[in-house]
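In: fold the following for me, if possible:
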Amino acid sequence: MDLVLIESLCIDTVIGVYDWERTITQRLVLDLAMAHAIGAAAANDDIALTLDYAAISERIDAFAAAHDFALVETFAERLADTLREEFTISWLRLTVRKPGAVPAAAAVGVQIERGTRPGAA
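Out: Residues are numbered from 1 along each chain as shown. This is a model prediction of the structure:
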């Protein structure tokens, strides 16, 4: 199985459960691993045959701008559903971190895996 990666993608969005969080944007940091066979793209040097990480990154930014969720968990679930549907991704692992949410931690967040991982038993 091949993986297309996007690491440490920073986006700003309205996220949080407290009233004051609903009035500001906060930074989220995302890591994605997406299953996709890259052999044809590599053989033909053709971006149309792989996952376009620039297009995916732009879609994530647009998604974040269009939504405001209370929970990082909700953000992650809905984003994973959107990406899997719009980019025909059979499996992905998405990590969403919210830096500074807990003063003693560098970040808090969630990691989810959705879909069927190719080659999994």
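In: and the strands in this structure?
Out: Along the chain, the segments classed as strands by DSSP state E run 3-15, 26-35, 68-69, 91-99, 107-115.
In: quick check: angle from the biggest helix by length in the chain to strand 107-115?
Out: Ranked by residue count under DSSP state H, the longest helix found in the chain is helix 72-87. Here helix 72-87 runs at an angle of 40 degrees relative to strand 107-115 (axes from the mean of the first three to the mean of the last three Cα atoms, to 10 degrees).
In: which secondary structure elements does helix 72-87 contact?
Out: strand 3-15, strand 26-35, helix 53-66, strand 91-99, strand 107-115 (3 or more Cβ pairs under 8 Å, 6 or more residues apart in numbering; DSSP states H and E). Backbone N, C-alpha and C define where each C-beta goes, glycine included.
In: may I see these organised as a markdown table, with mean pLDDT, mean neighbour count and distance to E77 added?
Out: Output for the helices and strands packed on helix 72-87, formatted as a markdown table (pLDDT from 0 to 100; neighbours: other Cβ atoms under 10 Å; distance: least, Cβ to Cβ, whole Å):
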| stretch | mean pLDDT | mean neighbour count | distance to E77 |
| --- | --- | --- | --- |
| strand 3-15 | 97 | 16 | 13 |
| strand 26-35 | 98 | 19 | 13 |
| helix 53-66 | 98 | 15 | 12 |
| strand 91-99 | 98 | 20 | 9 |
| strand 107-115 | 97 | 15 | 7 |
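In: may I see these arranged in a markdown table, with distance to N44 as well?
Out: Putting the helices and strands packed on helix 72-87 into a markdown table (distance: least, Cβ to Cβ, whole Å) gives the following:
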| stretch | distance to N44 |
| --- | --- |
| strand 3-15 | 16 |
| strand 26-35 | 20 |
| helix 53-66 | 18 |
| strand 91-99 | 23 |
| strand 107-115 | 25 |
